[in-house]
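Novice: Below is the sequence, then the predicted model.
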Amino acid sequence: MPGQNEGADAHHPGVRHEESPRHRHLAAPVREPASGPSDGPAGGPSDGPSGGPAGGPAGGPALSACGTLTEPEPLFCPTCSAPLTGGTYRERPDGPDHREDGDTGRPLAALRASESRFRAAFCDAVIGMALIDPEDRIIEVNPAFAALIGRGVGELVRTRLYEIIDPDGMPDRLFTELVGGERERFRVEKQLKHREGHTVWSKVTVSLIRDGDGDPLYTLALVEDITEQRRLGDRLEYQALHDPLTRLPNRAYFFDRLDAACLAPSGGPTPGGPPGERRVGVCYLDLDGFATINEALGHHIGDQLLIAVATRLRCGFDGHDTHLVARMGGDEFAVLVADSLGSEQLTGLAGRILEALEHPFDIAGHRLVITASVGVVERSVHETTPTDLVKDADATLYWSKADGRARWTLHDPDRGAHQLTRQLLATALRPALERGEFTIEYQPLVGLADGAVHGAEALVRWRHPRYGTLSPDRFIPLAEETGAIVQLGTWVLEESCRQARQWLSEFPETETFVSVNLAARQIWDSDIVADVARALERTGLPARLLQLEITESALLGPGGRPLQALQALADMGVRIAIDDFGTGYSNLAYLSRLPVHVLKLDGTFIEGFREPAPADRPGRPELGSRRSDADEQIVGAMVQLAHTLGLTVTAEGIENAAQAERLRLTGCDTAQGWYFARPGEAALVAAILRDGRPALNGGNR
């Protein structure tokens, strides 16, 4: 142990040591000064020099330079801790020329050298050191420790340790085990009380010092100043958990708090739930049109706007124990309510957020007015996870944008399930095509004048193993969003051409054409002219028996590429039809210049034809009758216009004979609908062609 075995020669128990009252070893605990002369150890002299090493009064304790209480007492052996007693040497007071007896002088000299080395190391160490007795009093302290807390060495001797070190969080169990000899050391980080009032963070290592018999004697504390390390760590932690631009908590900090909220114990009763059920809510918001501000005014203006928005959110909605405002990234922010009282509280909060952001922002001379869209999610912590909560809040935010922006939207589980189904279908589109899950059904296109089948529209179906047969409106929009429409459209085109070629081979006199829907993205993302030419070449179908349907909005959209492609297809002999005519641009001036052969009227124009004819309605016509008359006049005008331009007209959605007859009277050329036949396998069209006429009320087929 320090001062007892460092650098000392081996001690032999048979050697008698003479006590020197001028030396006190560091291993000895502090003792109270005796009130009078005391007897020395057995077999040793009882009188010593009258002054201590620090010049104290005779027989009384003195304070060393390192803050040690010294008094005349025995000197202990550096090896076995036995008192150095007996007449083995005599200290000569007659100056530096005194000599110890031969063999006993060498161990004593080594002991003095060892103590001097320890004393130098203890006093000059840059790490604070303190010797502490079992009663929690400081025996000795070095200057580094005293300087660490702004005090003098002499003030600290006999000071209780808890007067210096903050007692909160002290490991009582560990300290008790250490003093009791059950543990050798422990290490903690604690705050020291500085004289000037501030705290000093330190790393304290407390070790047990035992006597020669192995019993606990006192403890040694090593204290290292880590204040700067803690400050650096705090700065790094702050930077890791806060957004550098707005100084708001960032996404990581938000999830930490959300995790804690979801794991916290249940509180009192909450509205809308059983007693003790804890609830949590999130308002997830995004600034509307922020990208436009960045593009028009520059990113530096956008950054200042984000700072202003963050300040307004912090001032209005942060500062509560259960509320946290965070920046999630970009122009997205979130407000966490860790102990929600119900969905009404969250929707009310979302409304106040929108009101707070409606007021204009003055940024660098620009007066900016912005709005926000907010997605609101609120539920029991037992029904969700932090990841699901934020995922649903983010999805609800985009519902809010899709619904018109500048509003809040509360999460709807049914709508969420629909969105999830859409995502699953979008992911499975390409693999389903490779597995052959798609099939094509055909619906006859019947001439209203002769009742003969002129062609058939190809309608793709998805035989989904989980959801059953899906109609095109369930997956075609997804295919267009994901780009899978190009691969799917190419497959439908080639399969339809192959089937039309079979009809031509079986019924050559009918020359039944096939009509295939063409998505606008097929024109933009692929060489549709080359795709059509390849399909015709592989199947051997004449170009005149292929009709391509494209919507009016896609045909007349920006850019000239669709028109160029359609012109090239028309030059090949392919028929071009405008689908859903009357619902898009309806720019009649284009019709004379477009490479179009057929107009397919949207089904909304045919709804009025379900009412009886005007001659069959005696008396004053009602509102529904007036609408029917108007629809009939509109359809008649479009048919006449189309015929003037050399185009044919096809009507969709025919459900009964009255509709078919009234459309025939307007001059409409062909029609399709359940009245003639439902969509079905290619064999359905073959059977109709074989019979020569479609079976009316063909829905029963």
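Specialist: Received, thanks. Numbering: from 1, shown residues only.
Novice: So for the chain, the centremost residue is which one?
Specialist: R251 (6.2 Å; Cα atoms, centre = their mean).
Novice: measure that one to D394 for me?
Specialist: Distance of R251 to D394, given as Cβ to Cβ, to the nearest Å: 12 Å. Where you see a C-beta, it was placed from the backbone N, CA and C, and this is true even at glycine.
Novice: For I138, which residues are in contact?
Specialist: 130-132, 156-161 (Cβ atoms under 8 Å, 6 or more residues apart in numbering).
Novice: Swap in 10 Å and give it another go.
Specialist: Listed by Cβ atoms under 10 Å, 6 or more residues apart in numbering, the contact partners of I138 are 30, 67, 69, 130-132, 145, 155-161, 163-164, 221.
Novice: what is the mean pLDDT for the strand or helix carrying L424?
Specialist: Assigned by DSSP states H and E, L424 belongs to helix 413-435. In this model, helix 413-435 carries a mean pLDDT of 90.
Novice: Put the alpha carbons of the helix or strand just after that helix into CSV.
Specialist: Downstream of helix 413-435, the first helix or strand assigned by DSSP H and E is strand 438-447. Extracted in CSV, the C-alpha atoms of strand 438-447 (Å, rounded to 0.1, in the frame of the first residue of the first chain):
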residue,chain,number,x,y,z
PHE,A,438,-53.2,-11.4,-65.9
THR,A,439,-55.8,-12.4,-68.4
ILE,A,440,-57.8,-10.5,-71.1
GLU,A,441,-61.6,-10.4,-71.5
TYR,A,442,-63.3,-9.1,-74.6
GLN,A,443,-66.6,-7.1,-74.9
PRO,A,444,-68.2,-6.9,-78.3
LEU,A,445,-68.6,-3.6,-80.2
VAL,A,446,-72.0,-3.9,-82.0
GLY,A,447,-73.3,-1.9,-85.0
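Novice: contacting residues around the residue nearest to the centre of the chain?
Specialist: Going by Cβ under 10 Å, 6+ apart, R251 touches 241, 243, 326-329, 332, 334, 390.
Novice: Sort out for me which of the residues you listed are in helices.
Specialist: Using DSSP state H, the members of the contacts of R251 that fall in helices are 241, 390.
Novice: what's the helix or strand containing D392 packed up against?
Specialist: Assigned by DSSP H and E, D392 falls within helix 386-402. When contacts are defined as 3 or more Cβ pairs under 10 Å, 6 or more residues apart in numbering; DSSP states H and E, helix 386-402 sits against helix 251-263, strand 279-288, strand 323-329, strand 332-337, strand 371-380, strand 408-410, helix 413-435.
Novice: my guess is P413 meets D392, correct?
Specialist: Yes - P413 is within contact range of D392, at 8.8 Å (criterion: Cβ atoms under 10 Å).
Novice: Name the residues contacting each of these two.
Specialist: Between them, P413 and D392 share the contacting residues R379, judged by Cβ under 10 Å, 6+ apart.
Novice: Those two: who's more crowded?
Specialist: D392 (22 against 9; other Cβ atoms under 10 Å).
Novice: Next one: the more buried one from A402, what distance?
Specialist: Where A402 is concerned, D392 sits at a distance of 15 Å (Cβ to Cβ).
Novice: Over to A519?
Specialist: 21 Å.
Novice: same thing with F438?
Specialist: For F438 relative to A402 (Cβ to Cβ), the value is 28 Å.
Novice: before we move on, what about I576?
Specialist: 33 Å.
Novice: Just give me the neighbour total for Q345.
Specialist: For Q345, using other Cβ under 10 Å, the count is 17.
Novice: which sections of the chain are below the confidence cut-off?
Specialist: Along the chain, the model assigns pLDDT under 70 to residues 1-104, 166-181, 264-276, 319-321, 555-561, 583-589, 608, 610-628, 693-701.
Novice: Show me what the helix or strand containing W524 is in contact with.
Specialist: Remark: W524 resides in helix 520-525, with elements defined by DSSP H and E. Residues from elsewhere that reach helix 520-525 (Cβ under 10 Å, 6+ apart): 479-490, 493, 519, 528-529, 531-532, 548, 550-551, 553-555, 557, 559, 561-566, 569.
Novice: The residues you listed in strands, which ones?
Specialist: Among the contacts of helix 520-525, the members falling in strands (DSSP state E) are 548, 550-551.
Novice: wait, which of these is closest to V377?
Specialist: Nearest to V377 out of the ones in strands among the contacts of helix 520-525 is T551 (Cβ to Cβ; 36.5 Å).
Novice: The closest one contacts E480, doesn't it?
Specialist: No - the pair T551 and E480 does not pass the contact test of Cβ under 10 Å, sitting 11.3 Å apart.
Novice: Leaving out chain neighbours, which residue sits closest to R430?
Specialist: Distances taken as Cβ to Cβ, 6 or more residues apart in numbering put A484 closest to R430, at 5.3 Å, once the chain neighbours are dropped.
Novice: hang on, that neighbour packs against W462?
Specialist: No - at 11.4 Å, A484 does not count as touching W462 under the criterion of Cβ under 10 Å.
Novice: and stretch 199-211, how far out from the chain's middle?
Specialist: Distance of stretch 199-211 from its chain centroid, counting by Cα atoms, centre = their mean, to the nearest Å, is 42 Å.
Novice: just stretch 119-139 next, same as before
Specialist: 50 Å.
Novice: Any buried residues in it, and which?
Specialist: Of the residues in stretch 119-139, 119, 122-123, 128-133, 137-139 count as buried by neighbour count, 16 or more other Cβ atoms under 10 Å.
Novice: State the distance spanning the first to the last residue of it.
Specialist: 14 Å (Cα to Cα, to the nearest Å).
Novice: How about stretch 355-370?
Specialist: 11 Å.
Novice: quick one: buried residues of it?
Specialist: Those would be 357, 361, 363, 368, 370, for stretch 355-370 by 16+ other Cβ under 10 Å.
Novice: For it, give me every contacting residue.
Specialist: Residues from elsewhere that reach stretch 355-370 (Cβ under 10 Å, 6+ apart): 285, 287-290, 292-293, 296-298, 300-305, 307-309, 312-313, 315-317, 331, 333, 371-372, 374, 406.
Novice: Could you rerun that using 6 Å?
Specialist: Residues outside stretch 355-370 that contact it (Cβ atoms under 6 Å, 6 or more residues apart in numbering): 287, 301, 304-305, 308, 312, 316, 372.
Novice: Most widely separated two among these?
Specialist: Between all members of those, the farthest pair (by Cβ to Cβ) comes out as I301 and G316, at 22.6 Å.
Novice: and the gap between L563 and P595?
Specialist: Distance from L563 to P595, by Cβ to Cβ: 8 Å.
Novice: Scan the contacts of stretch 355-370 and report the most crowded one.
Specialist: A372 (29 neighbours).
Novice: which non-adjacent residue is nearest P472?
Specialist: Of all residues not flanking P472 in the chain, V460 sits nearest, at 5.8 Å (Cβ to Cβ, 6+ apart).
Novice: packing partners for the helix or strand hosting that neighbour?
Specialist: Following DSSP H and E, the helix or strand that holds V460 is strand 453-464. The contact analysis (3 or more Cβ pairs under 6 Å, 6 or more residues apart in numbering; DSSP states H and E) places strand 453-464 against strand 438-447, strand 468-470, strand 513-517, helix 682-691.
Novice: tally of neighbours for L536?
Specialist: The burial count assigned to L536 is 21, neighbours taken as other Cβ under 10 Å.
Novice: just Y162 next, same as before
Specialist: 11.
Novice: is it true that S496 touches V516?
Specialist: Yes - the pair formed by S496 and V516 meets the contact definition of Cβ atoms under 6 Å, at 5.0 Å.
Novice: Please identify every residue contacting each of the two.
Specialist: Counting by Cβ under 6 Å, 6+ apart, the shared contacts of S496 and V516 are A458.
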